[in-house]
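Undergrad: sharing a sequence plus its predicted fold:
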Amino acid sequence: MNLKVLLPTEILVDQSVSKVIAEAENGSFCLLPRHVDFLSALLPGILTFVDDQNLEHYLGIGGGILTKTGSEVRVSTIYAVQGEDLGTLRQQVTAQFEAINERERTVRSAIARLEADILRHFVKQGITADV
């Protein structure tokens, strides 16, 4: 099978695999090469796949959609991080969440400054709320 993990800005994984394990609302499932075509909404969690050298790889994903059509398995997700083992994956997910939180704080701060500047401009112009 060929696994492709698609993010909004890049293709994170595009390689031949022998097994894919993921989790949906009704539990975990495993896809093998002769599995019937399949579609599932994935929960946020860990997606595991085994490559042709029988090595396990781990992805932390933020939910998504998995489709299997013939030998093609595609996962579309808004967020994914790849780790070689569960320990490093946890560190990478933690670092990514910290980076996302910092970006959100920066955006909220910029919006608050913008709102304050607009209010100061209205006050300076003598415009009140009852206009």
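TA: Okay, I see it. Numbers count the residues shown, from 1 in each chain.

Undergrad: going by C-alpha atoms from here, please, whenever you check contacts or count neighbours.
TA: Fine.

Undergrad: in the protein, which residue is most central in space?
TA: In the chain, the residue lying closest to the centroid (C-alpha atoms, centre = their mean) is Tyr79, at 1.4 Å.

Undergrad: so who does it touch?
TA: By C-alpha atoms under 8 Å, 6 or more residues apart in numbering, the contact set of Tyr79 is 7, 61-63.

Undergrad: buried ones in the host helix or strand of Leu42?
TA: Per DSSP states H and E, Leu42 falls inside strand 38-51. Of all the residues in strand 38-51, those buried under the rule 16 or more other C-alpha atoms under 10 Å are 40-44, 46-51.

Undergrad: now for it, which elements pack on it?
TA: strand 11-24, strand 56-69 (3 or more C-alpha pairs under 8 Å, 6 or more residues apart in numbering; DSSP states H and E).

Undergrad: identify the residue spatially nearest to Pro8, adjacent ones excluded.
TA: Closest residue to Pro8 apart from its sequence neighbours, by C-alpha to C-alpha, 6 or more residues apart in numbering: Ile78 at 6.1 Å.

Undergrad: actually, Asp52.
TA: Val17 (5.6 Å).

Undergrad: now, the most widely separated pair of the contacts of Tyr79?
TA: Leu7 and Gly63 (11.4 Å; C-alpha to C-alpha).

Undergrad: who's more crowded, those two?
TA: Ranked by neighbour count (other C-alpha atoms under 10 Å), Leu7 and Gly63 place Gly63 first, with 21 against 16.

Undergrad: fine, thanks again, bye for now.
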